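Asker: Structure of the sequence below:
(chains A, B, C and D)
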Protein chains: 2
Amino acid sequence: MTPLTLRQLRYFDALARFGHFGNAAAACSVSQPALSVQIKELETTLGAPLLERGARPLRLTPFGITCAERATQILQSVDELADLARAASDRLTGTLRIGVIPTIAPYLLPRLIGLTSQRHTGLDLHVRETITPKLLTELKAGRLDTAVLALPVDEPGLTELPLFDEAFVLVRPNVDANKPVPDREALREMRLLLLEEGHCFRDQALSFCNLRTALPRETLEGSSLSTLVQMVGAGIGVTLIPEMAVAVETRSAEVSIAQFNDPQPRRQVGLVWRQASPLTARFRELGEIVHEAAKSQR
Amino acid sequence: MTPLTLRQLRYFDALARFGHFGNAAAACSVSQPALSVQIKELETTLGAPLLERGARPLRLTPFGITCAERATQILQSVDELADLARAASDRLTGTLRIGVIPTIAPYLLPRLIGLTSQRHTGLDLHVRETITPKLLTELKAGRLDTAVLALPVDEPGLTELPLFDEAFVLVRPNVDANKPVPDREALREMRLLLLEEGHCFRDQALSFCNLRTALPRETLEGSSLSTLVQMVGAGIGVTLIPEMAVAVETRSAEVSIAQFNDPQPRRQVGLVWRQASPLTARFRELGEIVHEAAKSQR
DNA sequence: CCCTTCAATAATAATTAATTATGACTCCAC
DNA sequence: GTGGAGTCATAATTAATTATTATTGAAGGG
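Answerer: From the prediction side, this is the model:
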């Protein structure tokens, strides 16, 4: 009887996540037959079918579901073993999979990558940019090592390290530059441009205005801060952006920036990782570097 | 970079336990160089030394000790996975979602649940009672594992297992007990009580009378066989019920039961499941039990 | 010292897993 | 139902990994 291999568990884990042989194989960087064969091997070894052949969309058997959960857990343990090894070395080396939310990534990453490549030769940063809930899912599943996002996230099993606070500033057309800065009530009467659903920055902006949801009449949604600022430049409305975005975003748009009077809207940016990760000390080190990279943008 | 393998962990686990390459290799049924090479591979992959070379007796590095513990734990999880598979495939256990049509459910289930709870401790039956089309939809969507209903269903992708045949009997008021049994033509002239639209039993009864739809003038619809029999008892008309319902339904009603002369109306009861389901063998086993449970009602 | 023991290395054989090519089956649209 | 796209399984072959045996180098004990 052939022994169980980690390779089989890796392929099966991918298959369970993608629900598709071809995509799972691509994710594992192998051909589809290679994955097919290994899955069948795994079924033979375990002596029980993992999925219903010939059913589409792909369906796992009850045992398959159990097995996939267990496989994921085993693979995570194995990854931690590798982390453990890295933690034993005294520097930040190897591959580090880091997630960053879209309202931070473009302003932080260029400088962050610059800093780490200077000081930490041997560190290979893999960056994933997406919204907070997805980052947290990936993090907990062990597909990311750490993430830079707005605190608090308040998830059990995750450690948060606050790095710095930053204010949100008002972006309005140049023609409005000399008008008085609106307070939160006045802001509610203006056409406020926001990021689309799912971005934490959107929620923070809304909460500053004491709104729970957007007022459909008065808002317009964009997929990046850059888009929003361009629209402001075209006179369509006003928007908020974090301080770290100011330098980049005002470079190519005819807009005026204004600080709010107290109470200023703010967000806290921090680093998050799995509490159980053996790389905790390395993450704190990384936090320093992220902080430094962000500082130069503000 | 070569990936971590379970084989490496197995060898290293043995090495840590025996403290001796030769003995560890023997325990793994491989030659000493084979183990040596794999251990070195593991060290390369992890990027840290696991043991102090050139020391005798063999000494693990601090990281090696941690690693050995973790390896043992991982190997244990993998073994558990194999156990899980055996438990899953050995007998009919776990949760089984079964659908039953309303003209079978009340007569089959009490005894079926009795039998399974006796013989298959560990089997958790989830029952859903509804009409055939809905059962088939649920089945194909994977929200049911199997269903007991009247055959044929003739759906692609589903397997049918005939279990038994049963006749329909005539239910009429006690005062009619000594009248001759009507044939199908005579039945058309009587006031025939039927289940409401959607029940396959209704269609089977109509088809016996050579009718495609009910004659509105002469029929009355009920939502359960029990209701129909009660109405017969009140002298409102006559109805048909399957044999398995006789014992239960005549207990509390003043009605008389009569067998039809040939050709008798009949239905075939069977079990249906997704062709692709790996539980086929278990379903056949379940079929036996359903058959037995039904037998005792007839 | 020499001898024994142990682990590493080298050359080669065996095994395992990959690739490409192809076939079968399902689902959908016409 | 017929044709086509999509999806997974299978087959033949090649590439890779892992094993074996034979041998060497290094350490410790008489």
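Asker: buried set for stretch A:246-262?
Answerer: Neighbour counts over stretch A:246-262 (16 or more other C-beta atoms under 10 Å in any protein chain shown) mark A:246, A:248-250, A:253, A:255-256, A:258, A:260 as buried. C-betas here are computed from N, CA, C, even on glycine.
Asker: brain fart, stretch A:153-162
Answerer: Buried-residue list, stretch A:153-162, by 16+ other C-beta under 10 Å: A:153, A:158-161.
Asker: Now that A:T95 has come up, it's in contact with A:H126, right?
Answerer: Yes - using C-beta atoms under 8 Å, A:T95 is in contact with A:H126, at 6.1 Å.
Asker: For chain B, what is the nearest residue in the stretch 151-298 of chain A?
Answerer: A:P278 (8.8 Å; C-beta to the nearest C-beta).
Asker: Next, the contact list for that residue, please.
Answerer: For A:P278, the contact set (C-beta atoms under 8 Å, 6 or more residues apart in numbering or on different chains) comprises A:80, A:83-84, A:86-87.
Asker: do you know how far it is from DNA strand D?
Answerer: 25 Å (C-beta to the nearest atom of the strand, to the nearest Å).
Asker: Which ones among the buried residues of stretch A:153-162 lie within strands?
Answerer: With DSSP state E as the criterion, strands contain A:158-161 from among the buried residues of stretch A:153-162.
Asker: rewinding a little: narrow the contacts of A:P278 to those in helices?
Answerer: Counting by DSSP state H, those place A:80, A:83-84, A:86-87 in helices.
Asker: What segments of chain A are helices?
Answerer: A:6-18, A:21-27, A:32-46, A:62-88, A:105-119, A:132-140, A:184-188, A:200-208, A:225-233, A:243-249, A:280-295.
Asker: The second one packs against which elements?
Answerer: Helices and strands touching helix A:21-27, as assessed by 3 or more C-beta pairs under 8 Å, 6 or more residues apart in numbering or on different chains; DSSP states H and E, comprise helix A:6-18, helix A:32-46.
Asker: between those, which one is nearest to DNA strand C?
Answerer: helix A:32-46 (3.5 Å; C-beta to the nearest atom of the strand).
Asker: picking that back up, kindly reformat the buried residues of stretch A:153-162 as a markdown table containing distance to B:G222 and pLDDT.
Answerer: Shown next, in a markdown table, are the buried residues of stretch A:153-162 (distance: C-beta to C-beta, whole Å; pLDDT from 0 to 100):
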| residue | distance to B:G222 | pLDDT |
| --- | --- | --- |
| A:V153 | 58 | 90 |
| A:L158 | 59 | 86 |
| A:T159 | 64 | 87 |
| A:E160 | 63 | 92 |
| A:L161 | 69 | 92 |
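Asker: A:A205: which of the residues you listed is nearest?
Answerer: The closest of those to A:A205 turns out to be A:V153 (C-beta to C-beta; 18.1 Å).
Asker: Distance check, that closest one against A:L139.
Answerer: Going from A:V153 to A:L139 by C-beta to C-beta, to the nearest Å gives 9 Å.
Asker: Pull up the overlap in contacts between these two.
Answerer: A:V272.
Asker: In PyMOL, select just the buried ones from the ones in helices among the contacts of A:P278.
Answerer: Here is the PyMOL command that selects the buried residues among the ones in helices among the contacts of A:P278 (16+ other C-beta under 10 Å):
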select buried, chain A and resi 80+83+84+86+87
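Asker: Among the ones in helices among the contacts of A:P278, which one sits closest to chain B?
Answerer: Closest to chain B, out of all of the ones in helices among the contacts of A:P278 and judged by C-beta to the nearest C-beta, is A:L84, at 6.1 Å.
Asker: DNA strand C contacts on chain A?
Answerer: Contact residues, chain A versus DNA strand C (C-beta under 7 Å from any atom of the strand): A:2, A:5, A:7, A:29-34, A:37-38, A:41, A:54-56.
Asker: now those residues: which count as buried?
Answerer: Buried among these by 16+ other C-beta under 10 Å: A:5, A:7, A:30, A:38, A:41, A:55.
Asker: Could you identify the least confident member of these?
Answerer: Ranked by pLDDT, these bottom out at A:A55 (70).
Asker: isn't it right next to B:R274, touching?
Answerer: Yes - counting by C-beta under 8 Å, B:R274 is a contact partner of A:A55 at 6.8 Å.
Asker: Now for these two: what residues contact both?
Answerer: When contacts are counted by C-beta under 8 Å, 6+ apart, A:A55 and B:R274 are jointly contacted by B:G157.
Asker: picking up where we left off before, out of the buried ones among the residues of chain A next to DNA strand C, the closest to A:L206 would be?
Answerer: Nearest member of those to A:L206, counting by C-beta to C-beta, is A:A55, at 43.5 Å.
Asker: show me where pLDDT drops low in the stretch 151-298 of chain A?
Answerer: A:212-220, A:297-298 (pLDDT under 70).
Asker: residue in it nearest to DNA strand C?
Answerer: Counting by C-beta to the nearest atom of the strand, the stretch 151-298 of chain A gets nearest DNA strand C through A:P278, at 25.5 Å.
Asker: mind listing what A:I104 touches?
Answerer: When contacts are counted by C-beta under 8 Å, 6+ apart, A:I104 touches A:148-149, A:242, A:244, A:269.
Asker: what sits against A:Q275?
Answerer: Residues in contact with A:Q275, defined by C-beta under 8 Å, 6+ apart, are A:157-159.
Asker: Output those in a markdown table; the columns should cover distance to B:G198.
Answerer: A markdown table is the format used below for the contacts of A:Q275 (distance: C-beta to C-beta, whole Å):
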| residue | distance to B:G198 |
| --- | --- |
| A:G157 | 49 |
| A:L158 | 51 |
| A:T159 | 57 |
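Asker: need these in CSV with distance to chain B, can you?
Answerer: Converted to CSV, the contacts of A:Q275 look like this (distance: C-beta to the nearest C-beta, whole Å):
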residue, distance to chain B
A:G157, 18
A:L158, 21
A:T159, 20
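Asker: Out of the residues you listed, the closest to B:D183 would be?
Answerer: A:G157 (73.8 Å).
Asker: Which residue is the nearest non-sequential neighbour of whatever residue of the stretch 101-250 of chain A ends up closest to DNA strand C?
Answerer: Going by C-beta to the nearest atom of the strand, DNA strand C is nearest to A:R143 of the stretch 101-250 of chain A, at 19.7 Å. Spatial nearest neighbour of A:R143, chain neighbours left out: A:R97 (7.0 Å); criterion: C-beta to C-beta, 6 or more residues apart in numbering or on different chains.
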